[in-house]
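Novice: generate coordinates for the sequence data below:
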Amino acid sequence: MSDSPENAPAASPPPRPAPRPARVRIKNPNQAGRTVSPWSLREKIGMGLWLVVQHTLFRFTPKPLNRWRLWLLRRFGARIEGNPFVHPAAIIKIPWQFTMMDKAALAPHAEVYNLGHVTLGPRCVVAQYTYLCGGTHDLEDPMLPLQVGDIVIGEEAFIGAKALILPGVTIGDGAVVGAGAVVSRDVPAWMICAGNPCKPIKPRTMRKA
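Specialist: Prediction:
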């Protein structure tokens, strides 16, 4: 038999890439009703206990007692690496869905509404009154089920005051988000971005130390 192209077996199609997991997902697909909580009893108890601790043992500590605040977060399941800084006036909704890496900083009145997981990378800064929003609702569904999404703030990134970061967003390493920006899409690494909606403006350059 000839090995001519006519007789050659058809090439198999290249494998299809694995689908990318959805960044925003339904918290509880079995939620029974619009007014029914999507959270389990254990989750609600944990959040209630943390709320008491956050407004007492955490909130009223002097600024230098950072290690104490980190210890409290660890006791409630947060993943803390190295020595990051959390201001006593910062707000964290669910500690066990929170990761903070070495030298990351969470400023006063910054709020981590982490209905999905939130990760603050090494040496990133989240400035005052920033809102990291890890939840929304499916507005096309009359049941309005809770949707949650993970947020990642990259290494050396800087989030300006009063910025709003929406569910499922990743802020690239070294990126800068301007004050008051509304971020609904990923921010590329080492870019200065601002506005509503947040858009890249120019590359970020760093002077040598």
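
Novice: which ones are touching the spatially most central residue of the chain?
Specialist: Of all residues in the chain, the one closest to the mean position by Cα atoms, centre = their mean is I151, 2.0 Å from it. Under the criterion of Cβ atoms under 8 Å, 6 or more residues apart in numbering, the contact list for I151 reads 114, 116-119, 132, 134, 165, 167-170. C-beta: built from backbone N, CA, C; applies to glycine.

Novice: do that again at 7 Å, thanks
Specialist: Residues in contact with I151 (Cβ atoms under 7 Å, 6 or more residues apart in numbering) are 116, 118, 132, 134, 165, 167, 169.

Novice: farthest-apart pair in the residues you listed, please.
Specialist: G116 and I165 (11.4 Å; Cβ to Cβ).

Novice: helix, strand, or coil at the nearest residue to K44 once chain neighbours are set aside?
Specialist: Closest residue to K44 apart from its sequence neighbours, by Cβ to Cβ, 6 or more residues apart in numbering: S37 at 6.8 Å. The local conformation at S37, judged by DSSP: H, G, I helix; E, B strand; the rest coil, is coil.

Novice: dihedrals phi and psi, S37?
Specialist: With angles defined as degrees, to the nearest 10, S37 sits at phi -70, psi 140.

Novice: how many residues are close by it?
Specialist: The criterion is other Cβ atoms under 10 Å. On that basis, S37 has 14 neighbouring residues.

Novice: please apply the same query to V52.
Specialist: Under the neighbour criterion other Cβ under 10 Å, V52 is assigned a count of 10.

Novice: what's the pLDDT at it?
Specialist: The predicted local confidence for V52 comes out at a pLDDT of 98.

Novice: look up how far M101 lies from P145.
Specialist: Here P145 is placed at a distance of 32 Å from M101 (Cβ to Cβ, to the nearest Å).
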